[in-house]
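K.L.:
coords please:
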Amino acid sequence: MSSRPKKVVAAGTTDEPQPELRLCWTHRAEADLASIYNYIADDDPLAAEQWVEKLMERATLAAHAPHAGRIVPEFGVSELREVLVQSYRIVYRIRSAEVHVVTVFEGHRRFPADVDLDSV
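P.N.:
Here you go, the predicted model:
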């Protein structure tokens, strides 16, 4: 008898990895990343590159498990979610086989009023 525990799988699921949804960046989210990079790069270009890469990697992980992100509290809409990287919020919308990154901003700021959620 093996002392190793058996893998438990919920009914209707498999232990196969789920396919990653296609990750899409809106123009707004790309501009946000550029602004973040430029702000940090004024002091340390290498740190800016590493930070933006970290934000992009976290968004990529969200495409693997999009419902793992929390529902954006300002809207309470199931398909609008966010993940956090330290104080930054990466907000994305789940659309069938795609995850659209809508905006990236510091969490101590209010949700940007000029983000057009209907166009995503």
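
K.L.:
touching, F111 and V72? I think so.
P.N.:
Yes - with contact defined as CB atoms under 8 Å, F111 reaches V72; the gap is 7.4 Å. Glycine gets a C-beta too; all of them are placed from N, C-alpha and C.

K.L.:
quick check: neighbours shared by these two?
P.N.:
Residues touching both F111 and V72 comprise V91, with contact defined as CB atoms under 8 Å, 6 or more residues apart in numbering.

K.L.:
which one of these two has more residues nearby?
P.N.:
Taking neighbours as other CB atoms under 10 Å, F111 and V72 compare with V72 leading, 19 against 15.

K.L.:
from D44, how far off is S78?
P.N.:
39 Å (CB to CB, to the nearest Å).

K.L.:
what's the distance between the residue nearest to the spatial centre of the chain and D42?
P.N.:
The residue lying closest to the centre of the chain (CA atoms, centre = their mean) is A59, at 3.6 Å. Distance, A59 to D42, by CB to CB: 24 Å.
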